[in-house]
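Peer 1: Coordinates only, no sequence provided:
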């Protein structure tokens, strides 16, 4: 009888252990599946496809003035700054025309707060080989050749630069990884065909800045400073659009769409303007003294 009871207890313990392990395994699998679903639904590894589609629409200002033509999608309240520095705000949209009105509010009134204490932490770090800094250019696959010309022009001017191409490098996860690495600027490069035509029907580069995110003032100030350092023939149109939860990752990030067939000399001018925009002397007095006193070392690290 005692042997039978001992055998039953042993069997019960074994069954209990096996069932506990099975339950734990099922629980672990359930948690893993839940994380997998959340991961798939998140946008951290989704490609932000901003490819332009559709026919060109006229952008009309006050008194019927032709500001531009573009195949870009617009939302009321978004803004643009034309190649002459005039700010416009989208007031009405129909199938063929985008109506805009002059609005100085499009020009962000805040100074460049790249090291503001109220911002998510970031780091502006020089490259290890003694060059001026480290720029990351991320390009769509079809823009890789143009991006290479642009990168070569930046290198010739003494800046350490990294080129990453392909959709996998345009996900939020990839952008965050590079922002943590302490880059001085992040340029998202795309190529379009007649994406923007100015009032004289000339193709224009587009700088796109996301509004409504905490780093809009610094991103906008960087884009505007870059544009102002360019000669008028290559000066871009700056669009201020809805946030896509990306440019908040770095205070020196801007999306650049270049007309297909842009000449190498124009890309060199674009690189010259970038170097000027990244020059600490072009920053505000307070930011310049702060950065120089820290020697552009580890200021702060970014968060997502």
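Peer 2: Structure received. Just so you know, these numbers come straight off a predicted model, no measurement behind them.
Peer 1: use CA for all of it now, contacts and neighbours both
Peer 2: Noted.
Peer 1: what about the strands in the stretch 51-200 of the chain?
Peer 2: 57-60, 66-70, 79-81, 87-93, 97-102, 134-139, 160-165, 185-192, 196-198 (DSSP state E, counting those that start in this stretch).
Peer 1: My guess is residue 60 contacts residue 68. True?
Peer 2: Yes - between residue 60 and residue 68 there is a contact under CA atoms under 8 Å: 7.3 Å.
Peer 1: Please say which of those two ends up with more neighbours.
Peer 2: Between residue 60 and residue 68, counting by other CA atoms under 10 Å, residue 68 is the more crowded of the two (24 against 21).
Peer 1: Quick check: beta-bridge partners of the more buried one?
Peer 2: Judged by DSSP bridges, the bridge partners of residue 68 are residue 59, residue 198.
Peer 1: Just the endpoints, please. Distance across stretch 240-249?
Peer 2: Across its full length, stretch 240-249 reaches 17 Å between end residues, using CA to CA, to the nearest Å.
Peer 1: And that stretch, what's buried?
Peer 2: The neighbour-count criterion (16 or more other CA atoms under 10 Å) identifies 240-242, 246-249 as the buried residues of stretch 240-249.
Peer 1: Do you have the helices of the stretch 1-150 of the chain handy? List them.
Peer 2: Counting by DSSP state H, counting those that start in this stretch, the stretch 1-150 of the chain has these helices, from start to end: 2-41, 144-156.
Peer 1: quick one, domains of this structure?
Peer 2: For the chain, whose domains are defined here by automatic domain parsing, the residue ranges read 1-41, 104-294.
Peer 1: Considering the ones you listed, which stretch scores lowest in mean pLDDT?
Peer 2: Looking over the domains of the chain, mean pLDDT reaches its minimum on domain 1-41, with a mean of 61.
Peer 1: how about the nearest residue to residue 216, chain neighbours excluded?
Peer 2: Once flanking residues are discounted, residue 216 sits nearest to residue 210: 6.3 Å by CA to CA, 6 or more residues apart in numbering.
Peer 1: Next, the contact list for that neighbour, please.
Peer 2: Contact analysis of residue 210 by CA atoms under 8 Å, 6 or more residues apart in numbering lists 216, 240-244, 247.
Peer 1: Strands - which of those land there?
Peer 2: Among those, the members falling in strands (DSSP state E) are 240-241.
Peer 1: any idea how far residue 231 is from the closest residue to residue 154 other than its chain neighbours?
Peer 2: Among residues not flanking residue 154 along the chain, residue 271 sits closest, at 5.4 Å (CA to CA, 6+ apart). In this structure, residue 271 and residue 231 are separated by 12 Å, where distance is defined by CA to CA.
Peer 1: what about these two, which has more around it?
Peer 2: It is residue 271, of residue 271 and residue 231, that has more neighbours when counted by other CA under 10 Å, with 24 against 14.
Peer 1: Surely the more buried one is within a helix?
Peer 2: Yes - secondary structure assignment places residue 271 in a helix (DSSP: H, G, I helix; E, B strand; the rest coil).
Peer 1: Tell me how far it lies from residue 206.
Peer 2: Residue 271 is 15 Å from residue 206, where distance means CA to CA.
Peer 1: Find the nearest non-adjacent residue to residue 195, please.
Peer 2: Ranked by CA to CA, 6+ apart and with sequence neighbours excluded, the top spatial neighbour of residue 195 is residue 70, at 5.5 Å.
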